[in-house]
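Visitor: coords below, sequence missing:
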């Protein structure tokens, strides 16, 4: 399982702190994610990683109320538009786009996804893969504290939800 | 659109006739197709082309009563099992497997798909891509006649339907 906590951050400030911890930059991605209308706790999206020319179909099942525990299945696909067309024809409606610039750092078994999200702001997802949820959360919080992050910095809403709220606020 | 007529044939006999017409062998495939339970006129399958190591997600919409006119969208994917898992989690049930050995020949704009289908027998699909359905069918029948194929050789049921009937007969 994927255990992940999302914090609201300042991109440049937290970036320096992550690097000072000794974490290694392993990837930079410009992602354009199209989410489909699938009832929670399920998520379905096609991710286009623009700078790497990759397209990935992603399915997630949220396992908890705080959106911190996920089961995830991802599969690379050849073509964004064709996949979108198949899902649309199968009856899945387009929900929202989430576009971000992401830096991925690693420090031992901890992954840092530092995101500048278009129209939403800066976020840091700290992630650990594991079966023992409490142990994983312990590791995440140990690191979060070293970065000066607090409980009040946590953003428990999904990017898809934040984007949907943004859209609804705009329509009002 | 894809216009295609399926005939029951004898694999070796019709193969010789196709080659005598001057058609060119362009591909040989060992296909294992998993069809999902999607209501007609839609078809959804994952195709594993064993000998080429390719996996393709395929979606079709049948446009006519005789199953001769299709709209088709195909997209290459990286992994059969992951795609199957995503579709299953999204609620699509597995229906039937169709396994075949296929030779693909081409003569001008006509494609011949000669299939030895596990548990079902030998079939020849003659296919033309085009927007004018009547013109395309005219071309298909002109070639079919040269191969000695008649109206009574036509099999209008889909492979998925034939396989389903086979399964139901076995269960009886």
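Guide: Happy to help now that I have it. Not measured: the values here are computed from a predicted model.
Visitor: Write down the beta-bridge partners of the residue lying closest to residue A:54 once chain neighbours are set aside, one by one.
Guide: Using CB to CB, 6 or more residues apart in numbering or on different chains and skipping residues adjacent in sequence, the residue nearest residue A:54 is residue A:76, 6.4 Å away. Yep, even glycine has a C-beta here, placed from its N, CA and C like the rest. Beta-bridge partners recorded for residue A:76 (DSSP bridges): residue A:56.
Visitor: For the helix or strand bottoming out on mean pLDDT in chain A, which residues meet the burial criterion?
Guide: Ranked by mean pLDDT, DSSP states H and E, the helix or strand of chain A with the weakest confidence is helix A:159-171, at a mean of 92. By neighbour count with 16 or more other CB atoms under 10 Å in any protein chain shown, helix A:159-171 contains the buried residues A:159-160, A:162-164.
Visitor: do the same with stretch A:5-20
Guide: Applying 16+ other CB under 10 Å to stretch A:5-20 flags A:5-7, A:9, A:11, A:14-15, A:17-18 as buried.
Visitor: Can you list the neighbours in contact with it?
Guide: Stretch A:5-20 has contacts (CB atoms under 8 Å, 6 or more residues apart in numbering or on different chains) with A:25, A:67-68, A:103, A:105, A:107, A:112, A:114, A:116, A:121-126, A:137, A:140-141, A:144, A:146-149, A:153-156.
Visitor: Can you tell me which of the buried residues of stretch A:5-20 comes closest to residue A:97?
Guide: Residue A:97 has its nearest neighbour among these in residue A:6, at 18.4 Å by CB to CB.
Visitor: Distance-wise, check that closest one relative to residue A:91.
Guide: For residue A:6, the distance to residue A:91 (CB to CB, to the nearest Å) stands at 30 Å.
Visitor: what does residue A:7 give?
Guide: 36 Å.
Visitor: if we can go back for a sec, make sure the residue nearest to residue A:54 is actually in contact with residue B:78.
Guide: Yes. Counting by CB atoms under 8 Å, residue A:76 does reach residue B:78; the two are 3.9 Å apart.
Visitor: Lovely, talk soon.
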